[in-house]
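Engineer: sequence first, then the predicted structure:
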Amino acid sequence: MMPAGVSWKTYSKLAAAAGVSMVAGAQTVHQFYKPLEDIDEWVKRFEEQQKIIEEAKKIDSSELTAVSEIAAASELIAAESEPNIAAETSSRPPVSN
C-alpha cells in the first residue's frame, strides 16, 4: 500500500495519466501558440536590453563616484573652515548630573 491507502496499481495509473497529460498539454501549447517560433528575435531583444542595463549601471556608478568625490571635497572644505569643536569641548569642565 502507498500513502493515503492507494495501491501501487492505482498510483501507477495516476502517475502515467499525469505524465501523458503533461506531455499532451505541452504539445498543444507548441502547436497552437508556437512559443519557440520567435525565440531568435526574443534573444536579440533580451541581449539589447542587457546592454542598455549595463550602460546605465556604468553611468550610474560614474555619477555616484563624482557625487561622492564632491561630497568628500565639501566635507573637507567645511572641516577646514569651521573651528575645531572637539578642542573647544575638551577644555570645558564635565557636566555633573
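Structural biologist: Structure's in. What do you need?
Engineer: C-alpha from now on. contacts and neighbour counts both.
Structural biologist: Noted.
Engineer: domain-wise, how is this structure divided?
Structural biologist: According to automatic domain parsing, the chain is divided into the following domains: 1-36, 38-92.
Engineer: what ranges do the helices span in the chain?
Structural biologist: 8-32, 39-81, 85-90 (DSSP state H).
Engineer: may I see the buried residues of the first one?
Structural biologist: If I follow you right, that is helix 8-32. Residues of helix 8-32 classed as buried: none (neighbour count, 16 or more other CA atoms under 10 Å).
Engineer: now do stretch 38-45
Structural biologist: Result for stretch 38-45 [16+ other CA under 10 Å]: no buried residues.
Engineer: still on that earlier bit, mean pLDDT for the domains of the chain: which is lowest?
Structural biologist: With a mean of 72, domain 38-92 has the lowest mean pLDDT of the domains of the chain.
Engineer: mind checking how far V6 is from K13?
Structural biologist: Per CA to CA, to the nearest Å, V6 is found 11 Å from K13.
Engineer: and for W42?
Structural biologist: Where K13 is concerned, W42 sits at a distance of 39 Å (CA to CA).
Engineer: now do I70
Structural biologist: I70 sits 71 Å away from K13, going by CA to CA.
Engineer: also E47?
Structural biologist: From E47 across to K13, the span is 45 Å (CA to CA).
Engineer: same thing with Q27?
Structural biologist: From Q27 to K13 the distance is 21 Å (CA to CA).
Engineer: same check on V23?
Structural biologist: Distance of V23 to K13, given as CA to CA: 15 Å.
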